[in-house]
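Trainee: Got a sequence here, can you model it:
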Amino acid sequence: MRAIHATEPGGPEVLTVVDLPDPEPGPGQLVVEVAAAGVNFIDTYQRGGVYPMPFPHVPGAEGAGTVVAVGDGVTGVSAGDAVAWADAPGSYAERVVVEAGRAVPVPDGVSMDVAAALPLQGMTAHYLVASTFPVQAGQTVLVTAAAGGVGLLLTQLAVARGARVIGLVGSAEKESLARAADAADVVRYTEMTDLATELPALVRGLTGGVGVDVAYDGVGKDTFDATLACVRRRGSLVLFGGASGQVPPFDLQRLNRAGSLFVTRPKLADHVVTRDELTWRAGELFEAVRTGGLDVRIGERFPLTEARAAHEALEGRATTGKVLLVP
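Mentor: Below you'll find the predicted structure:
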């Protein structure tokens, strides 16, 4: 089968196309023919060496496809079933091994592309609004990269809970997408000359001087100081990504001076620990898609062999919605 190798820590240029033996399922495992693999920032962190990984490795952990082989001890799943997953290492390939307990069934009425786009970014958006900071009606939420893969889903889920969303975007095109996702206010923060002072002043102006109940920041280094200053007294900043780079260490006394704020850095793996939690989150998302309550935007599809271009587009913030690799 064809697959992508990250040959060594580095930029997108380290991604190469290789031929590997077709995988075989072990006990409790499935082999799935990949219909589409999700491209996510965590893939770039691992490729770049921010997160330690063995090299060479096949990047990717998210996707959807059709089961072609079932290992010993697997029940409830058969060859021919459509499944999706968020944590199967090596998903940038034509076939991948998926732990049966981590695969979720794709319901009728949900396309393979949408199924591949939802597990990681969709469940991330779900845990952010349902668990990390449970959003309630009447609250005001700030979302960075509101036209991105997580941002568009996060905005819709927060609005569905009755929140007012202030979205940050980097272009007119992305502003239109955020507004279409029902963000109440959209700010093109890349046009500001002094983000750290201009953004908090604007956000506090939009909130009667109070600030937002929670800021969800997936951009990281470039926006962290500004979004922290947008949070109301005893509010929360949820840092869930670092599209612009990792946030450097900072003095915790800043949280005291800013009004007894809360800051957390969650990850998906800690929010899908059990099978029940995994299927609850995925099930709510798939049902929302099936009934028309959640729109999943596929921003770009790249052939598997163009994984380098996909990473370049993602890291260059040239994408909106979800980026997929299609074998």
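Trainee: Could the C-alpha coordinates of stretch 1-17 be exported in PDB?
Mentor: Provided in PDB are the C-alpha atoms of stretch 1-17 (Å, rounded to 0.1, in the frame of the first residue of the first chain):
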ATOM      1  CA  MET A   1       0.000   0.000   0.000                       C
ATOM      2  CA  ARG A   2       1.000   3.600  -0.400                       C
ATOM      3  CA  ALA A   3       1.600   5.700   2.700                       C
ATOM      4  CA  ILE A   4       3.300   8.900   3.800                       C
ATOM      5  CA  HIS A   5       6.500   8.900   5.900                       C
ATOM      6  CA  ALA A   6       7.800  11.700   8.000                       C
ATOM      7  CA  THR A   7      11.500  10.800   7.600                       C
ATOM      8  CA  GLU A   8      13.000  13.100  10.300                       C
ATOM      9  CA  PRO A   9      11.900  16.100  12.400                       C
ATOM     10  CA  GLY A  10      11.400  19.100  10.200                       C
ATOM     11  CA  GLY A  11       9.100  21.000   7.900                       C
ATOM     12  CA  PRO A  12       6.600  19.700   5.300                       C
ATOM     13  CA  GLU A  13       9.500  18.800   3.000                       C
ATOM     14  CA  VAL A  14      10.200  15.700   5.200                       C
ATOM     15  CA  LEU A  15       7.000  14.100   4.100                       C
ATOM     16  CA  THR A  16       7.600  11.500   1.400                       C
ATOM     17  CA  VAL A  17       5.500   8.800  -0.400                       C
END
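Trainee: Count the residues that sit near A196.
Mentor: By the measure other Cβ atoms under 10 Å, the count of residues near A196 is 14. Using the backbone N, CA and C atoms, a C-beta is placed for each residue, glycine as well.
Trainee: Give the helix, strand or coil label for it.
Mentor: Here A196 is recorded as helix under DSSP: H, G, I helix; E, B strand; the rest coil.
Trainee: what's the answer for E8, then?
Mentor: Secondary structure, three-state DSSP: E8 is coil.
Trainee: how close does it sit to V143?
Mentor: Separation of E8 from V143 (Cβ to Cβ, to the nearest Å) stands at 35 Å.
Trainee: Name the nearest residue to A318, ignoring sequence neighbours.
Mentor: If the residues on either side of it in the chain are set aside, A318 comes closest to E312, at 8.0 Å by Cβ to Cβ, 6 or more residues apart in numbering.
Trainee: you'd agree the one you found is up against V39?
Mentor: No: E312 lies out of contact with V39 (Cβ atoms under 8 Å); the separation is 10.8 Å.
Trainee: From the neighbour counts alone, determine which of those two ranks first.
Mentor: V39 (31 against 16).
Trainee: measure stretch 300-310 end to end?
Mentor: From its first residue to its last, stretch 300-310 covers 8 Å (Cα to Cα, to the nearest Å).
Trainee: Now do the buried residues in that stretch.
Mentor: By 16 or more other Cβ atoms under 10 Å, the buried positions in stretch 300-310 come out as 300, 302, 304, 306-308, 310.
Trainee: what mean pLDDT does it have?
Mentor: On average, the pLDDT along stretch 300-310 is 97.
Trainee: Would you pull up how far it lies from the middle of the chain?
Mentor: From the chain centre to the centre of stretch 300-310 is a distance of 18 Å (Cα atoms, centre = their mean, to the nearest Å).
Trainee: what's the answer for stretch 151-167, then?
Mentor: 15 Å.
Trainee: buried sites along that stretch?
Mentor: By neighbour count with 16+ other Cβ under 10 Å, stretch 151-167 contains the buried residues 151-159, 161, 163-167.
Trainee: Can you tell me how far F262 is from G235?
Mentor: 7 Å.
Trainee: Pick out whichever of those two has more residues nearby.
Mentor: Comparing F262 with G235 by neighbour count (other Cβ under 10 Å), the higher total belongs to G235, at 23 against 13.
Trainee: taking the buried residues of stretch 151-167 one by one, which sit in strands?
Mentor: In this view, the buried residues of stretch 151-167 that belong to strands under DSSP state E are 164-167.
Trainee: elements contacting the helix or strand where T227 lies?
Mentor: Assigned by DSSP states H and E, T227 belongs to helix 224-228. Packing partners of helix 224-228 (3 or more Cβ pairs under 8 Å, 6 or more residues apart in numbering; DSSP states H and E): helix 195-206, strand 212-217, strand 231-239.
Trainee: got the contact list for the most centrally placed residue in the chain?
Mentor: With distances taken as Cα atoms, centre = their mean, Q121 lies nearest the centre of the chain, 2.9 Å away. Contacts here follow Cβ atoms under 8 Å, 6 or more residues apart in numbering; on that basis Q121 touches 38, 40, 149-150, 153, 322.
Trainee: and which of the residues you listed is nearest to P266?
Mentor: If you rank the contacts of Q121 by distance to P266 using Cβ to Cβ, V150 comes first, at 12.3 Å.
Trainee: show me what contacts that closest one?
Mentor: V150 sits next to 121, 124-125, 128, 218, 240-241 when contact means Cβ under 8 Å, 6+ apart.
Trainee: go on, Q139?
Mentor: Neighbour list for Q139: 162-164, 213-214 [criterion: Cβ under 8 Å, 6+ apart].
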